[in-house]
Structure formats: C-alpha cells, structure tokens
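*Asks:* Have a look; sequence and predicted model below, questions after that.
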Amino acid sequence: MQASRKRSYRTETNLVHAGVLRSPFGETAEALFLTQGYVYDSSARAEKRFKNEEPGYQYSRFSNPTVTMFEQRMAALEGAQAARATATGMAAVTAALMGQVRAGDHVVSSKALFGSCLYVVQDHLPRYGVASTLVDGTDLNAWRKAVRPNTKTFFLETPTNPALDVIDIKAVAEIAHSAGATLVVDNVFSTPLFQRPLELGADCVVYSATKHIDGQGRCLGGVILGSEKFIADNIQTLIRQTGPSLSPFNAWVLLKGLETLAVRVRRQTDTAATLAVSLAEHPKIGRLIYPGRPDHPQAQIAQRQMAGGSTLLAFEIKGGKAAAFRFQDALKLVSISNNLGDAKSLITHPATTTHQRLTPAARAELGISDGLVRLSCGLEHPDDLSEDVFCALEVV
Ligand SMILES: *Cc1c(COP(=O)(O)O)cnc(C)c1O
C-alpha cells in the first residue's frame, strides 16, 4: 500500500487527502476493507507480526486499513500525533477517561456535559472507586478548589450542550497541569475547524464523529486524539483488548464525511450566525445564546479560542414549556430531534429530552429553562430556514 505524500497542507486539503492508503488497484476513493482478519505468507511472518517485529494488520478489533485512514485524517486535521477511532462518541469519552484512572483516583469535570458524559463521570466512574467532582466550568476558582492530591484528569466540553457556555481551555489546562493532572476536551460543538484544544494545552481531544464529521445522519462513530505517548500509555491497550472498535464501513462513511466537513460547517455556521442576528430582537424570545455574538456571557474567551461561532444556537421561548412545544410543533422544515450537526436542521427541547433526567434545580444551574430550545442549523437555504422559524414563532 502506498501512503499519500507527506507534506504539510492546509485544513481543506487534509480533509480530502490526508491519511489515504492506496491499494495496488489505484482506486480514487478510499477503499473499504470489510475484513475481520488478515492472512500471513508464512508461519514465520505470523510470528513476526505478533511480536511487533514487522508492521501489518492482525485483526480488525484493533486495526483495519480503512479505520487507519480515518484515524490518520483526523490526526492531520487536529494536529495530533495519534488518533484511535471508536464505535461511538461515548466509547471515545469512556475510553479517554477510564483509560487514565484506577481505583482511588479522582476526576474533576465541568457539570455542563452531554447527558451520557455526565452519567460516565457522575455514576459510572464512582462504581470503580474513582471519585468525581462536578464544577461550574466557567468558574476557574471552582476548578482550582476541586483539586485533590489524587486528581488524575479534568474533563470538559465547550461550547457546552445545550446552553453554549464557553470554557477557557487554556486556563483550565494550566490549572490541571499545575495539579499534575491531564485535560480531556470534548470538542464536538466547536468541530476541529473552529477550536484546537491541543494547541491550547489539552492532553486529549475526543469527538462524537456521529455529529458534524458524518454530518449527514448516517452512522455513529468516535475518535480520541493526543500525543503518541498519551495514546500509547492510556488508550491503545484498553481499546485493543476491550473492543469498542469502529467498523470499517462506518470509518469509510466518516472519511467521506470529512471531505465536505469544512464546506458544510462554514455554511451551517453562517446560517446560524445570520439567524441569531434576526432572532435576538424577536419579542417572543427571552434570551438568545450564540458563541459568535458580543452579548454572549463569555464573548471574550470565545473570541480568543474559537475561530468561528457554532452551527448551533440556543434560545428561550417566552412562556415556558407550553410555548416551546407550540413553537417546535409549528415548525415545518425543521425536525424535532435530539441529534445535531446534520445536513437537516434539527430542534431539541432539552428540558424534556436530553436533560429530563436532571432535577429542575440542576437544570436551572445549567441555564436549561423550560422555554429553552436548541437549534442545529442544517444546509437548507438560509431564507427557507429563517421563514420556517419566524412562521412558527407567529403561532406561539
Ligand atoms: C453526541 C455527543 C456525544 C456522544 O456521542 P455518540 O456518538 O452519540 O456516542 C458526546 N459528547 C457530545 C458533546 C455530543 O454531542
């Protein structure tokens, strides 16, 4: 197999070319290697492969050429030394955290997390003797105060789901490192295009590739990125032996998704930013949150660490749950769904779906009021989307 030429290219070029392993057939598109295993020319070669004395594939639970292409493309995009793909974003988050800790360790995490991430930190880790402390991620003193002698890692996502708070990655990384801990950043909401956590000091970045990386609602996937050492010490063996592996088919779909990532995300972000401007003054909207705007609570941090806004916006419909439901049900183009980052515009009412497990008080702390909706802007014509949203607001 022929690896693509090594030279440093810009992001859009990497999204199309990085990591390609071309087979002797010279195919244009990335080949899909639907195979579980691999054969060896001789017993001696099999022995060498297993002793790691010669490079090559052994079994698709831990390596497959199509999955390798996806990992290499993600690493090039992120500026990371190494990447490991997983079956879902949650497998990536779970492995990134579980791979670093053992019984007796402690984890500090922002409390504004994707629902399943919150479960892993709050309920799952403690079952194995790993204590966790949840903090308001925007409060740097809260991170400092939460540190214990046995703190192993910090975890956060920014912008947060669904209230789009922005957390200062560089400042939190410094606090983590001065405590001898690492920082893991879930970078789903910003995408690799707009935020580079490794450059800001994070030790590990995780993605749900299910979101913008696929971007067309087809398959689940995840990826963990970091230095060679971070991946070798914490991730490699766990993934190899426990098997949360990405299927080659899904890796192939995600590779194709990456080719159009920049075009899609920039267009979706422009749409979201435009809509944010026109919705901000709407009399039926109480509060609108968009990371690109000067009235965002952490506008300065967003400006420092993000190269773009977001494909998502959050806003509060005045009149609580009933008004939010009327609004969502009146939308004709935008679909009600808890997913995000899709080519189709999607709307969510977090209080009754993704965050219904939390108590009302916990939701209030996260800024999730009963009127809050989260809109993921798709690739429709921006005017059609805007008309749909404004017409639905009429009904409220
Ligand atoms: C969706 C999501 C996840 C989980 O990813 P899956 O692919 O659904 O397992 C984790 N973090 C964030 C921020 C997400 O949006």
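*Replies:* Structure's in. What do you need?
*Asks:* in terms of contact, does Pro291 touch Pro159 like I think?
*Replies:* Yes: Pro291 is in contact with Pro159 according to C-beta atoms under 8 Å; the separation is 5.2 Å. Using the backbone N, CA and C atoms, a C-beta is placed for each residue, glycine as well.
*Asks:* Name the residues contacting each of the two.
*Replies:* 166, 302, 310 (C-beta atoms under 8 Å, 6 or more residues apart in numbering).
*Asks:* What about the residues you listed, which are in helices?
*Replies:* Ala302 (DSSP state H).
*Asks:* Check the shared contacts of Pro291 and Pro159 against the ligand and report the nearest one.
*Replies:* Using C-beta to the nearest ligand atom, Ser310 comes nearest to the ligand of those, at 11.9 Å.
*Asks:* neighbour count winner among Pro291 and Pro159?
*Replies:* Counted by other C-beta atoms under 10 Å, Pro291 and Pro159 do not tie: Pro291 has more neighbours, with 31 against 28.
*Asks:* Can you give me the neighbour number for the residue lying closest to the more buried one once chain neighbours are set aside?
*Replies:* Leaving aside its sequence neighbours, Pro291 sits nearest to Ala302 (C-beta to C-beta, 6 or more residues apart in numbering; 4.6 Å). Ala302 is flanked by 27 other residues according to other C-beta under 10 Å.
*Asks:* which residues touch Ala80?
*Replies:* Going by C-beta under 8 Å, 6+ apart, Ala80 touches 74, 198, 205, 225-227.
*Asks:* do Val172 as well
*Replies:* Neighbours of Val172 in contact, by C-beta under 8 Å, 6+ apart: 137, 140, 143, 154, 156, 183.
*Asks:* before we move on, the earlier item: could the shared contacts of Pro291 and Pro159 go into TSV alongside distance to the ligand?
*Replies:* Below are the shared contacts of Pro291 and Pro159 laid out as TSV (distance: C-beta to the nearest ligand atom, whole Å):
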residue	distance to the ligand
Val166	14
Ala302	17
Ser310	12
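*Asks:* Would you format the shared contacts of Pro291 and Pro159 as CSV with pLDDT included?
*Replies:* CSV is the format used below for these (pLDDT from 0 to 100):
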residue, pLDDT
Val166, 97
Ala302, 96
Ser310, 94
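*Asks:* returning to that earlier point: in the contacts of Val172, find the pair that's most separated.
*Replies:* For these, with distances taken as C-beta to C-beta, the pair at the greatest spread is Leu140 and Leu183 (13.0 Å).
*Asks:* The two: who's more crowded?
*Replies:* Leu183 (26 against 16).
*Asks:* Assess the claim that the more buried one and Thr151 are in contact.
*Replies:* No: the criterion here is C-beta under 8 Å, and Leu183 misses it with Thr151 at 11.2 Å.
*Asks:* show me what contacts Arg196?
*Replies:* 78-79.
*Asks:* let me fix that: Ile317
*Replies:* So Ile317 contacts 284-286, 323-324, 327, 371-373, 393, 396 (C-beta under 8 Å, 6+ apart).
*Asks:* any low-confidence regions in the protein?
*Replies:* 1-7 (pLDDT under 70).
*Asks:* Nothing else from me, thank you.
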